[in-house]
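*Asks:* okay, here's the prediction I keep looking at, along with the sequence it came from:
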Amino acid sequence: MLPVDRLATLARSDGITELESALLPLMRMLAELDEPGETEKAEVDRLLPLVFAVVREVCSEDYEKRNAPEVEDAVPQIVMLSPECESLSDLLLQMEHYGYAFKVFADYRQGLRYALDNSVVAVVVSLSDGFSADIRTVVDELRRHGRKWFVLSDRGDFSLRLQAVRMGALGFFIAPLNVGVLVDAVDPLAYKARDEPYRVLVLDDSVTVLAAIRKTLGQFPNLNTQVLRDPALVLEKLLDFTPDVLLLDFHMDGCNGLEVAKIIRQNRAFESMPIVFLTSETREDVQLEAMRHGGDDFLTKPISEAQLVNTVISKAERYRGLRKLMVEDSLTGLFNHVKTKALLQQSLLLAERQKRPVCYAILDIDHFKRVNDNYGHTVGDKVIKTLARLLKQKVRRSDVVGRYGGEEFVIVMFDSTPADAKARVDRMREAFGDIYHAYDEGIFSVSFSAGVAHFPAYGTMMELMVAADDALYEAKRAGRNRVVCAQRSVAV
Ligand SMILES: Nc1nc2c(ncn2[C@@H]2O[C@H](COP(=O)(O)OP(=O)(O)OP(=O)(O)O)[C@@H](O)[C@H]2O)c(=O)[nH]1
């Protein structure tokens, strides 16, 4: 095997698709050669810099960071300074179910030291008698060290609220502290939206153009740029990289950008992905024709850096916004039905390729009609939102969690065995059952039932979904508040 072929095989097995794509033209050329002549040597000289550029990118720290395996986030911590430790044990348990570690200190100085020495999301300071001198010192220190803090008080008069605001309190709770209110206040601090860089794919057969665009866009940490020279690999690359914008050369060897755009648009998944043509074409009729066939914009070569960056960011931003609206369920912010199914399909394709297991769970809140009938639709909606938040906090980053409709949710767990999936969904079920939901006159709790099915034991998406549904039905029939696994095992 030639060294270049070996390198490509390694790149493929390690999932470094950029390197594999960069090596392909070189391998094709070498495969056809007996004796390299001057033209071939010149071609090798032309292709090698691209390979080296990819190797440099792959070896960079940034690439490692982007491709690093997932690390589970640490459990976010809330510190409570309150003389009434015992009465807070229930709140402590409830906060744990919402995914928080909750520490209570009766000794305010000790609590302060803990909050300063550890990474805490927020501190709740209980005032039994307004802001005493001691409490003032404590909150001054919290403020000086940039810790976020809230007041908990049994009175909420204007003058006390004013003092709290002046001392930098982020919020004011009236005792007894309602867990839902506390979670609503601290969630945005603990789970700041992760701003993933926009993904930009550039398809151009000129190494010089690719290198120049990569260099310009590479200066922006909010852009993750990958390049491709071979149009034949574009669909695979789009599936793999799912770019937010594609920069597409208008004139390439063997085919033109318009034809590539038409092929891309024939795939539903890429119907609305922005395509920006890179061209030296200035004729209006050609540009209009290209727009008619799915182009969104033109960048005329030579492209100014400012114009390139502005166009890429504005197109990617709009597409992300649009996609968010299209894929999210409006009540819970989870993936909606259509998107969840698409992601399940994607996970199964990947699992098949990589010979890895996937578990699919379907969850349904028990006797939810009664919740609506007894406490009202608004309270019912809150219960749905609470379960959504709990699931979001309990799943791994690689899992997919979606609202399938009504009071039904699904979780797709990649690389998960049935026993592992069942145990995890069971923990979610227990946590959900322990949560108190509030209505006008008191509190109540609810449970959910779930069915879990395993791929490849159930080898198609339809089989998997039907098996999980049947298992859910079985869980309901057996008395609810339980998780049932579909029983078929993998043939060895
Ligand atoms: N509040 C609220 N209720 C909803 C929503 N979507 C569906 N529902 C209600 O959810 C209830 C589902 O009830 P059923 O499917 O009969 O089942 P169930 O009462 O949950 O009983 P089991 O599933 O057999 O345990 C219906 O009353 C729907 O009106 C929603 O978005 N908000």
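*Replies:* Looks like it came in fine.

*Asks:* from here on, just use CA atoms for contacts and neighbour counts.
*Replies:* Fine.

*Asks:* walk me through the domains of the chain.
*Replies:* With domains defined by automatic domain parsing, the chain comprises 1-67, 77-190, 191-326, 337-485.

*Asks:* the last one vs the ligand: in contact?
*Replies:* Yes - remark: domain 337-485 sits within contact range of the ligand at 365-370, 372, 377-378, 380-381, 406-407, by CA under 6 Å from any ligand atom.

*Asks:* which two of those have the greatest separation?
*Replies:* Largest separation among the residues of domain 337-485 next to the ligand by CA to CA: Asp366 and Thr378, giving 17.2 Å.

*Asks:* what pLDDT does the model give the residue in the stretch 1-150 of the chain that the ligand sits nearest to?
*Replies:* Proximity to the ligand, evaluated over the stretch 1-150 of the chain using CA to the nearest ligand atom, is greatest for Tyr98 at 20.7 Å. pLDDT for Tyr98: 82.

*Asks:* ok, it - contacts?
*Replies:* Contact partners of Tyr98, counting by CA atoms under 8 Å, 6 or more residues apart in numbering, are 183, 389-390, 393.

*Asks:* show me which of these is closest to the ligand.
*Replies:* Nearest member of the contacts of Tyr98 to the ligand, counting by CA to the nearest ligand atom, is Arg389, at 14.8 Å.

*Asks:* tell me, how many residues neighbour the closest one?
*Replies:* By other CA atoms under 10 Å, 18 other residues sit near Arg389.

*Asks:* in terms of neighbours, single out the busier of Asp366 and Thr378.
*Replies:* Asp366 (18 against 12).

*Asks:* how much space between the more buried one and Asn372?
*Replies:* 12 Å (CA to CA, to the nearest Å).

*Asks:* then Leu112?
*Replies:* Using CA to CA, we find Leu112 at a distance of 43 Å from Asn372.

*Asks:* most packed of the domains of the chain?
*Replies:* Mean neighbour count (mean count of other CA atoms under 10 Å) peaks for domain 337-485 among the domains of the chain, with a mean of 19.

*Asks:* what about it, start to end distance?
*Replies:* In domain 337-485, first residue to last residue: 22 Å (CA to CA).

*Asks:* could you number the chain from 6 rather than 1 from now on?
*Replies:* That works, and once the first residue is 6, the last one we named lands at domain 342-490.

*Asks:* least reliable of the domains of the chain by average pLDDT, please.
*Replies:* domain 6-72 (a mean of 66).

*Asks:* so Met85 touches Val128, yeah?
*Replies:* Yes - between Met85 and Val128 there is a contact under CA atoms under 8 Å: 5.7 Å.

*Asks:* would you say Leu96 is within a helix?
*Replies:* Yes - counting by DSSP: H, G, I helix; E, B strand; the rest coil, Leu96 is found in a helix.

*Asks:* please report how far the closest residue to it other than its chain neighbours lies from Phe177.
*Replies:* In space, and not counting its chain neighbours, Leu96 is closest to Val184: 6.6 Å by CA to CA, 6 or more residues apart in numbering. Val184 sits 14 Å away from Phe177, going by CA to CA.

*Asks:* go on, Asp254?
*Replies:* Asp254 is 56 Å from Phe177, where distance means CA to CA.

*Asks:* of all the residues in the stretch 6-155 of the chain, which ones are close to the ligand?
*Replies:* Near the ligand, when you scan the stretch 6-155 of the chain using CA under 6 Å from any ligand atom, you find nothing.

*Asks:* can you map out the helices along the stretch 6-155 of the chain?
*Replies:* Taking DSSP state H, counting those that start in this stretch as the criterion, the stretch 6-155 of the chain carries its helices at 8-18, 22-36, 43-64, 66-72, 94-102, 113-122, 138-149.

*Asks:* kindly reformat the ones you listed as CSV containing distance to Val457.
*Replies:* Listed next are the helices of the stretch 6-155 of the chain as CSV, based on distance: least, CA to CA, whole Å:
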stretch, distance to Val457
helix 8-18, 31
helix 22-36, 33
helix 43-64, 38
helix 66-72, 30
helix 94-102, 22
helix 113-122, 41
helix 138-149, 46
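
*Asks:* closest one to Thr465 among these?
*Replies:* It is, among those and with distance given as CA to CA, helix 8-18, at 25.1 Å.

*Asks:* all the helices of the stretch 206-355 of the chain, in order from the start?
*Replies:* Assigned by DSSP H, counting those that start in this stretch, the helices in the stretch 206-355 of the chain fall at 212-223, 239-246, 262-270, 289-297, 310-332, 342-359.

*Asks:* residue of the stretch 56-205 of the chain nearest the ligand, please.
*Replies:* Per CA to the nearest ligand atom, Gly185 is where the stretch 56-205 of the chain lies closest to the ligand, at 17.2 Å.
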